[in-house]
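Trainee: 3D model of this:
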Amino acid sequence: MMVRRFPPPWSVEEQSACFVVRDHNGQALAYVYFEDEPGRRSAANLLTRDEARRITANVAKLPGFCSGTNAALNLRGALLDMVYQAKAGRQFRAPQPAA
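Mentor: Down below sits the predicted model:
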């Protein structure tokens, strides 16, 4: 059996301008930045706090979804889909892993 490089469970930590996804050992895996001020957010094309929170919450669920030889491609596609759906105001639904 292959040893996982970023062991689950993954958790989300909120900081002043971003959310951080960390693995079980505390290693930071992803930073998702947001801006609360609407003027600055639109000028810099940043996410709202809620969009960033939803993305990181779904990233933290990915260890169970990504497995096998195409895990990196699955992760990239899932992350891109999450960003698109968060910007559109929809809830992300991870596809079911292949049996």
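Trainee: so where do the strands sit in the chain?
Mentor: Taking DSSP state E as the test, the strands found in the chain are 11-14, 18-22, 28-33.
Trainee: Turn those strands into a markdown table, including distance to Ala88 and mean pLDDT.
Mentor: All C-beta atoms are positioned from the backbone trio N, CA, C, and that covers glycine. What follows is the strands of the chain, written out as a markdown table (distance: least, C-beta to C-beta, whole Å; pLDDT from 0 to 100):
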| stretch | distance to Ala88 | mean pLDDT |
| --- | --- | --- |
| strand 11-14 | 21 | 96 |
| strand 18-22 | 19 | 96 |
| strand 28-33 | 16 | 95 |
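Trainee: Compare these and give me the one nearest Tyr84.
Mentor: With C-beta to C-beta, the closest approach to Tyr84 among those belongs to strand 28-33: 14.0 Å.
Trainee: quick one, what contacts the residue nearest to Leu47 when sequence neighbours are not counted?
Mentor: Once flanking residues are discounted, Leu47 sits nearest to Phe34: 4.8 Å by C-beta to C-beta, 6 or more residues apart in numbering. Counting by C-beta atoms under 8 Å, 6 or more residues apart in numbering, Phe34 touches Ala17, Cys18, Phe19, Arg41, Leu46, Leu47, Thr48, Arg49, Glu51, Ala52, Arg53.
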